[in-house]
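Structure, please.
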Amino acid sequence: MFWEKGGRGDAREGMTLISEDAFFHGSLVVKGSLRVEGAFEGDISDAVDLEVGAKGRVIGSLAAETIVIAGEVAGDIVAARSLEILSSGRVTGDVRTPKLKIDEGAFYEGSCSMGSGDEKPRRRRSRDLLDAAQPADPVS
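Predicted coordinates:
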C-alpha cells in the first residue's frame, strides 16, 4: 500500500515481508521497509516504511519514519514523518507523530502527541495492552 502511495524507492529495495502464514516473536530492527501480513509479537524499530497489512496483527511497539496500518496493532507507535490508519485498521496504544491520518471506519484508542517524533511515548507491556483491549467485567 505505501509503495503505491509514493513510498521511497530506496526503501522498497530493502523490503522485508512477514507473510500471512508467518508468526514472529521478538524484536526486529529493520533498515529498510517492512510489511507485516502475519502475526508479530514484539517491537519493531528503525524502519523507513512500515505497513501492517489488512490481515497483519502486531502486539508491541512500532518505530519507523512512515507507518500505514490496515490491520491490528496493540502497542505504542512512533512515526517520525507520518502515521495513517486505514478504514480497516485497529490501533490500541499511544501515538507520537507530526502527521496523523485516520480514515473513516478505523478504530483508534489511546493518546496522541503531534510532536516531532524525537521522544518515544511511555512504553507499556504487551500483556497490559491486551488486557486494556478487553472489555471490563460488569460490576454486580
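
quick one, helices of this structure?
9-13, 126-133 (DSSP state H).

which stretch in those is the model least sure about?
When those are ranked by mean pLDDT, helix 9-13 comes last with a mean of 48.

which residues does F40 form a beta bridge with?
Here F40 sits in beta bridges with F24, V58, going by DSSP bridges.

Number of residues surrounding it?
F40 has 26 neighbouring residues, counting by other Cβ atoms under 10 Å. Backbone N, C-alpha and C define where each C-beta goes, glycine included.

cool, and D46?
14.

pLDDT wise, what is it at?
For D46, pLDDT reads 93.

any idea how far G71 is from it?
21 Å (Cβ to Cβ, to the nearest Å).

Same check on T16?
From T16 to G71 the distance is 16 Å (Cβ to Cβ).

which residues touch the closest residue to V78 other than its chain neighbours?
Excluding the flanking residues, the one nearest V78 by Cβ to Cβ, 6 or more residues apart in numbering is A63, at 4.5 Å. If you count contacts by Cβ atoms under 8 Å, 6 or more residues apart in numbering, A63 has them with 43-47, 77-79, 120.

Filter these down to the buried ones and express that as a PyMOL selection.
To isolate the buried members of these in PyMOL, using 16 or more other Cβ atoms under 10 Å:
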select buried, resi 43+44+45+47+77+78+79
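
Closest one of the contacts of A63 to F107?
I77 (13.9 Å; Cβ to Cβ).

What's opposite the closest one in the beta bridge?
What pairs with I77, by the bridge criterion (DSSP bridges), is L62, V95.

tally of neighbours for L100?
Counted with other Cβ under 10 Å, L100 comes out at 17.

Is it in contact with C112, as I believe?
Yes: between L100 and C112 a contact is recorded at 6.4 Å, counting by Cβ atoms under 8 Å.

would you put the C-alpha positions of stretch 32-49 in PDB?
This file holds the C-alpha atoms of stretch 32-49, laid out as PDB (Å, rounded to 0.1, in the frame of the first residue of the first chain):
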ATOM      1  CA  GLY A  32      14.600  -0.600   5.000                       C
ATOM      2  CA  SER A  33      10.900  -1.300   4.600                       C
ATOM      3  CA  LEU A  34       8.700  -3.900   6.400                       C
ATOM      4  CA  ARG A  35       5.300  -5.300   5.500                       C
ATOM      5  CA  VAL A  36       3.600  -7.400   8.100                       C
ATOM      6  CA  GLU A  37       0.800  -9.600   6.800                       C
ATOM      7  CA  GLY A  38       1.100 -12.300   9.500                       C
ATOM      8  CA  ALA A  39       1.300 -12.200  13.300                       C
ATOM      9  CA  PHE A  40       4.100 -10.300  15.100                       C
ATOM     10  CA  GLU A  41       4.700 -10.100  18.800                       C
ATOM     11  CA  GLY A  42       7.500  -7.800  19.900                       C
ATOM     12  CA  ASP A  43       9.000  -4.500  19.000                       C
ATOM     13  CA  ILE A  44       9.800  -3.200  15.500                       C
ATOM     14  CA  SER A  45      12.300  -0.300  15.200                       C
ATOM     15  CA  ASP A  46      14.400   1.700  12.700                       C
ATOM     16  CA  ALA A  47      12.200   1.000   9.700                       C
ATOM     17  CA  VAL A  48      11.900   3.600   6.900                       C
ATOM     18  CA  ASP A  49       8.400   2.500   5.800                       C
END
